[in-house]
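Asker: here's my sequence, what's the structure:
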Amino acid sequence: MAGSTNKKVVVERFDREALRGFVNPQAWLQPEGLELITPTGNAVVVPYREVKAVGFVRDLDAAVLAGEKREFTTRPKSEGLWVRLQFRDGDLIDGLLANNLLQLSEHGFTIVPPDSLSNNQRIFVPRAALAELKVLGVIGSPLKRRKRTPPPSEQIKLFE
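Answerer: Alright, predicted model coming up:
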């Protein structure tokens, strides 16, 4: 039914039950909403204002945010921007956002969730679903650190 180019997603909405289905990663973000193909084969366009989060999942039967680890317990190891997202309903989640402006979408943000072993591989959050987005840190900055030059040999050595 779903080709190899389609990705399994669970769309968590604010008011209603979650939608499960498949998206084409190159064309799923439309100006009026996200385009989803249900398991029965129907194409549905869900308006961004109704969507809380879209989880790119391993298993379609699990929820996107319910029961998931929401915050990093330690500083993340992967490169990116460590962000904290606050939804309109007050819910919070941490994630890693790509530190590349070319990967940002006008419709929302795609983050890597804190638990790499969870059902969610990536989570897309529409801008309309957010009340606040905070950058908590920059991990793996490409800026090079200055190398310390050894002191000149003429310098007096006091503490040897």
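Asker: for the chain, just list every one of the strands.
Answerer: Counting by DSSP state E, one finds strands in the chain at the ranges 7-13, 19-23, 34-37, 43-46, 51-57, 80-87, 92-97, 108-112, 120-126, 130-139.
Asker: which of those strands is buried the deepest?
Answerer: strand 51-57 (a mean of 23; mean count of other CB atoms under 10 Å). Backbone N, C-alpha and C define where each C-beta goes, glycine included.
Asker: can you lay out the strands of the chain as CSV showing mean pLDDT and distance to residue 72?
Answerer: Below are those laid out as CSV (pLDDT from 0 to 100; distance: least, CB to CB, whole Å):
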stretch, mean pLDDT, distance to residue 72
strand 7-13, 91, 21
strand 19-23, 92, 27
strand 34-37, 92, 27
strand 43-46, 92, 29
strand 51-57, 92, 17
strand 80-87, 92, 7
strand 92-97, 92, 5
strand 108-112, 92, 11
strand 120-126, 91, 14
strand 130-139, 91, 9
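Asker: okay if I get those as CSV plus distance to residue 148?
Answerer: Shown next, in CSV, are those (distance: least, CB to CB, whole Å):
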stretch, distance to residue 148
strand 7-13, 47
strand 19-23, 50
strand 34-37, 50
strand 43-46, 55
strand 51-57, 44
strand 80-87, 28
strand 92-97, 30
strand 108-112, 34
strand 120-126, 39
strand 130-139, 22
